[in-house]
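Asks: A structural model of the following input is requested.
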Amino acid sequence: MNSKLKNSNLIYRKLQISDYREFKKLFFLCFNKKISFNFFKWRYFNNKFSFCYGIFEASKLIANVGMISMKLNNKTYEKIFSRHSSMVLKKYRGNRVFSDLLKKVKSKILKKVRLVAMWPNKNNLSNFGINNKKIIKKKFYLYKTSLTSTSAILKKTENYHIDELIKFKNFIKNNKSFFYKNFIYFKNRYLLYKKNDYLINQFKFKKFTSFFILKCNKDKSGLNYVILDHFGSEKIKSRHLSYLSCNQNKLIFLSKKKINKPTVKLLDYLYFKIGFIKQFNLKYKKRMLTNKEIFLGDTDIFLTIGKN
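Replies: Numbers count the residues shown, from 1 in each chain. Here you go, the predicted model:
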């Protein structure tokens, strides 16, 4: 950080709900997007562990990082923080302002967790000062389907409103998700905020049942559906995706593997990082993401953030 900023009255602290106006201003200046009070409240004040930490110059918010409390899908359900809403006012970039903010946050969470999850992009590559040897990086592919035939296809999946999630509670159990997801997780994620955005898509095959959480999404190309999450049988998950792709044009989904099909278009890449902020076992690091899945619902990419 340059000497001028060092000598200025910068205040590092947790954001309160009353800081919404400053958060909204900074978010709009950084991303040119409006963010609602309901989103701000739900995302960062929904539980006692998640939070936003910012830098204020006098009363003006100039940088922010959001930390969402999650659990790992392992034997101990270990706590982990997932980083979101990372932003710095343009005039303060390149002065190590954000790096200093991350150091402060790292010191705050050091006693509580040993891992942080990060979603880097071209505007945000900071790693909490964690050495690259202590970071796992995974590349994912974001795809959209396009039907080439207009002929009728036998419908093999069924849609339900997200309000009916309770009916399928017994199907929600430990699966291959990297993050631990029980009924409470799905309820908090999809029923407490903008629930009318979501639906449940069910697929049955023999004695197995699979479910995708979908979002009806609107972009420049029109309406499309986004696969955000999965629960139920892993054995028929790929078959479920295949049938859903055949029935639903413009279906957006995340893949661990590259797909070369004329009916599937690559939209973008998604990078996921896990940083170890404490000592770790090398063998544990190597198997951390083995047979584990990341879903678009774990990110903020398709969240409705505007309009209360």
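Asks: Hmm, G275 is touching R114, no?
Replies: No. Judged on Cβ atoms under 8 Å, G275 makes no contact with R114 at a distance of 9.6 Å. (Each C-beta comes from the backbone N, C-alpha and C, glycine too.)
Asks: ok, these two, which is more surrounded?
Replies: Neighbours were counted for G275 and for R114 using other Cβ atoms under 10 Å; G275 has more, 22 against 16.
Asks: quick one, what contacts the nearest residue to the more buried one once chain neighbours are set aside?
Replies: The spatial neighbour of G275 that comes closest, neighbours along the chain excluded (Cβ to Cβ, 6 or more residues apart in numbering), is I130 at 4.2 Å. By Cβ atoms under 8 Å, 6 or more residues apart in numbering, the contact set of I130 is V116, G275, F276, I277.
Asks: ok, so what distance separates I130 from Y143?
Replies: 30 Å (Cβ to Cβ, to the nearest Å).
Asks: Please name the bridge partners of the residue nearest to E78 when sequence neighbours are not counted.
Replies: Nearest residue to E78 in three dimensions, chain neighbours excluded: L72, at 4.4 Å (Cβ to Cβ, 6+ apart). For L72, the beta-bridge partners are F179 (DSSP bridges).
Asks: For L72, list the residues it contacts.
Replies: When the contact criterion is Cβ under 8 Å, 6+ apart, the partners of L72 are E78, K79, I80, L115, F178, F179, Y180.
Asks: Any chance of a markdown table for these, columns neighbour count and distance to K139?
Replies: As requested, the contacts of L72 are exported to a markdown table (neighbours: other Cβ atoms under 10 Å; distance: Cβ to Cβ, whole Å):
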| residue | neighbour count | distance to K139 |
| --- | --- | --- |
| E78 | 14 | 24 |
| K79 | 16 | 26 |
| I80 | 22 | 20 |
| L115 | 21 | 19 |
| F178 | 22 | 15 |
| F179 | 19 | 18 |
| Y180 | 18 | 23 |
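Asks: of all those residues, which comes closest to L254?
Replies: Minimum distance to L254 across the contacts of L72 is 12.2 Å, recorded for F178 (Cβ to Cβ).
Asks: which residue sits closest to that closest one, ignoring its sequence neighbours?
Replies: K292 (4.2 Å).
Asks: now do I109
Replies: F81 (5.8 Å).
Asks: tell me which element I213 is part of?
Replies: strand 208-219 (DSSP states H and E).
Asks: Check which residues of that strand are buried.
Replies: Going by neighbour count (16 or more other Cβ atoms under 10 Å), the buried part of strand 208-219 is T209, S210, F211, F212, I213, L214, K215, N217.
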